[in-house]
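Participant: need a 3D model of the sequence below.
(one chain, ligands or ions: 2)
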Amino acid sequence: MATGFYKVPKAVNEPVLAYGKGSKERESLLAMYKKMYNEKADIPLYIGSEQIKTGDTVSMHPPHDHQHELGVFHKADKKHIEKAIDTALEARKKWAKMPWESRAAIFLKAADLLVGPYRDRMNAATMLAQSKNMMQTEIDAVCELADFFRFNVEFMSQIYADQPISVEGIWNRMQYRPLEGFVYAVTPFNFTSIAANLPAAPAMMGNVVVWKPAETQVYSAQVIMEIFMEAGVPPGVINMVTGKSSMITDIVMNHKDFSGIHFTGSTPVFNSFWETIGNNIKKGLYRSYPRIVGETGGKDFVWMHHTADAKAVATALTRGAFEFQGQKCSAASRAYIPKSKWADVRKFMEADLKSIKMGSPENPENFVNAVIDKRAFDKLCGYIDQAKKDKDAEVIIGGNYDGSKGYFIEPTVILAKTPKYETMCTELFGPVLTVYVYEDKDWKEILEIMDQTSIYALTGAIFSQDRYVIDYATDALENSAGNFYINDKPTGAVVGQQPFGGARGSGTNDKAGSVWNLLRWISNRTIKENFVPPTNYRYPFLEV
Ligand SMILES: NC(=O)c1ccc[n+]([C@@H]2O[C@H](COP(=O)([O-])OP(=O)(O)OC[C@H]3O[C@@H](n4cnc5c(N)ncnc54)[C@H](O)[C@@H]3O)[C@@H](O)[C@H]2O)c1
Ligand SMILES: N[C@@H](CCC=O)C(=O)O
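Facilitator: Numbers count the residues shown, from 1 in each chain. Ligands and ions are numbered 1, 2, ... in the order given. Predicted coordinates:
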């Protein structure tokens, strides 16, 4: 097909729109929010070219307005999952052979559709489904997602261009085959961009996918499917199914052509997948070893040295811990502050948090919105109530909540009297930050404690103005975070700039939106061609 070594457009990060007062983009987005709020969605399963409405439905509600119904989505039963797998495997016959330039064009088109005609719809859907304010949805559902599509296209072309050396009479080639089978993408509620990227990245590399979004994200997942279809992803390449997670996983992982899992979500769920896959390998069920890629939980830290600026640290904590209600895997959830600076950090945080407004994302003045659902709300309120009772803790900021209209929890700061207090160690995934105040002189010991406090190693930030201290802490915390920040908050990684992912209990660290991630979705074939094959078996020294 291709009659040239085509070069893909250079990827650049999508500029984030400001949504300032009186701006056209703000007006247009709010109009779309109102329109979608008043419609009733009826979301089918997307299997091949069919949109299946099973009649077995689940209703959807904005977390900040849970009495309002956004519509319903339809649930699959066993036969739909089997059909999705069969359809994917059928689609693979053509998709795996499609020239890479055509696959690239589809995802570049998806990016342009997203930042153009779909921008408002994608943002409004994410505001409604996940209770993100305008800025949080813009950086996630539009900019990060467009970046995933465009940068991955560039990384794909770099991978394909990488070829082995050849010697006289021999031409060596590397064929970057998709995996033999289908990939299962299981995605979290909190980032629309991650939900789209997990099926898109393997698909871009020529794989076919069965995609199961989180129940609380299905509303915005539908818009992703609309974009995929309009961009030209052929029917059957990405099949979106919704329904009981354990039933879907059971059918998928017991299929001999299951070739990989692309997961983002909590650590226990990922562990259960690994266990199932391991047991099935033992039974000899699979054709190939499935690729297991999972980005999971975090207990992300901010550490301050006494040489750091208190206002900068307080700002990093306010944004890092409470943007999107702390529901980022990267969110700062434990902070270590030296005694000499604590009064200042606390004063600045109190002032910041007092000025924060909480409510619906439809009102742009609300910095904080609702947590995702009742389960999360109850769990978080339970930890806050416990901290109010515990001798080892004190709730010093916030601590109030109200679930009557929406699942609203005030940004809450707990002061822990021991560095191993429960909320210093366990991922809560909400607007709760725990602070431990240490003696300035003990800064080296505290770094050691930090490294040993949680099972996770996702993100972390250190603040200091002393370069020796920065170097020491960077070294001491080498394995404590896959994304490490110096004098910055631990959230907000940008595709192409800070490839994202962590190790230990935080996942396989394959760095979403990078070459390293895409490499997991191919299975190379090395091809050696000999132009003039030898016709004499003898070694030179055996010549007669
Ligand atoms: N490391 C990262 O890059 C990253 C990014 C985003 C979120 N996260 C993590 O995700 C979690 C929050 O997201 P969540 O609440 O959606 O996570 P979750 O683990 O509850 O759900 C993730 C997905 O797994 C599915 N699932 C849950 N139980 C299942 C089961 N038994 N079988 C099959 N599927 C199942 C869910 O339906 C959802 O689609 C946090 O732990 C957060 O740290 C990590
Ligand atoms: N990439 C995002 C986190 C995604 C996880 O939830 C960040 O860096 O804040």
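Participant: tell me the strands in the stretch 351-500 of the chain, going along the chain?
Facilitator: Counting by DSSP state E, counting those that start in this stretch, the stretch 351-500 of the chain has these strands, from start to end: 357-358, 366-368, 393-397, 401-402, 408-409, 412-416, 432-438, 456-457, 459-463, 483-486.
Participant: using TSV, lay out these together with distance to residue 542, mean neighbour count and mean pLDDT.
Facilitator: For the C-beta atoms, the positions are set from N, CA and C on the backbone; glycine is no exception. As requested, the strands of the stretch 351-500 of the chain are arranged in TSV below (distance: least, C-beta to C-beta, whole Å; neighbours: other C-beta atoms under 10 Å; pLDDT from 0 to 100):
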stretch	distance to residue 542	mean neighbour count	mean pLDDT
strand 357-358	85	16	98
strand 366-368	81	22	98
strand 393-397	82	17	98
strand 401-402	86	16	98
strand 408-409	82	24	98
strand 412-416	78	25	98
strand 432-438	76	23	98
strand 456-457	58	26	98
strand 459-463	63	28	99
strand 483-486	59	20	99
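Participant: take those strands and write them to CSV, including distance to residue 495.
Facilitator: Putting the strands of the stretch 351-500 of the chain into CSV (distance: least, C-beta to C-beta, whole Å) gives the following:
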stretch, distance to residue 495
strand 357-358, 29
strand 366-368, 24
strand 393-397, 33
strand 401-402, 34
strand 408-409, 30
strand 412-416, 31
strand 432-438, 26
strand 456-457, 21
strand 459-463, 15
strand 483-486, 13
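Participant: make JSON lines out of these and add distance to ligand 2.
Facilitator: Listed next are those as JSON lines, based on distance: least, C-beta to the nearest ligand atom, whole Å:
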{"stretch": "strand 357-358", "distance to ligand 2": "20"}
{"stretch": "strand 366-368", "distance to ligand 2": "16"}
{"stretch": "strand 393-397", "distance to ligand 2": "22"}
{"stretch": "strand 401-402", "distance to ligand 2": "22"}
{"stretch": "strand 408-409", "distance to ligand 2": "18"}
{"stretch": "strand 412-416", "distance to ligand 2": "20"}
{"stretch": "strand 432-438", "distance to ligand 2": "15"}
{"stretch": "strand 456-457", "distance to ligand 2": "12"}
{"stretch": "strand 459-463", "distance to ligand 2": "7"}
{"stretch": "strand 483-486", "distance to ligand 2": "7"}
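Participant: between these, which gets nearest to residue 29?
Facilitator: strand 366-368 (14.4 Å; C-beta to C-beta).
Participant: neighbouring strands of the closest one in the sheet, and parallel or not?
Facilitator: Applying DSSP bridges, strand 366-368 is found paired with strand 357-358 (parallel).
Participant: and for the strand it pairs with, what's in contact with it?
Facilitator: Under the criterion C-beta atoms under 8 Å, 6 or more residues apart in numbering, residues 363, 365-369, 408, 410-411 lie in contact with strand 357-358.
Participant: for the residue in the stretch 151-300 of the chain positioned nearest to ligand 1, which non-adjacent residue is spatially closest?
Facilitator: Going by C-beta to the nearest ligand atom, ligand 1 is nearest to residue 265 of the stretch 151-300 of the chain, at 2.6 Å. Leaving aside its sequence neighbours, residue 265 sits nearest to residue 188 (C-beta to C-beta, 6 or more residues apart in numbering; 4.6 Å).
Participant: is it true that the one you found touches residue 221?
Facilitator: No - using C-beta atoms under 8 Å, residue 188 is not in contact with residue 221; the gap is 11.3 Å.
Participant: hang on, the earlier thing: of the contacts of strand 357-358, which is the nearest to residue 66?
Facilitator: Nearest to residue 66 among those, with distances taken as C-beta to C-beta, is residue 408, at 10.6 Å.
Participant: contacts only, for the residue nearest to residue 125 when sequence neighbours are not counted.
Facilitator: Of all residues beyond its chain neighbours, the one nearest residue 125 is residue 220 (4.0 Å), with distances taken as C-beta to C-beta, 6+ apart. Residues in contact with residue 220 (C-beta under 8 Å, 6+ apart) are 122, 125-126, 128-130, 141, 192, 195.
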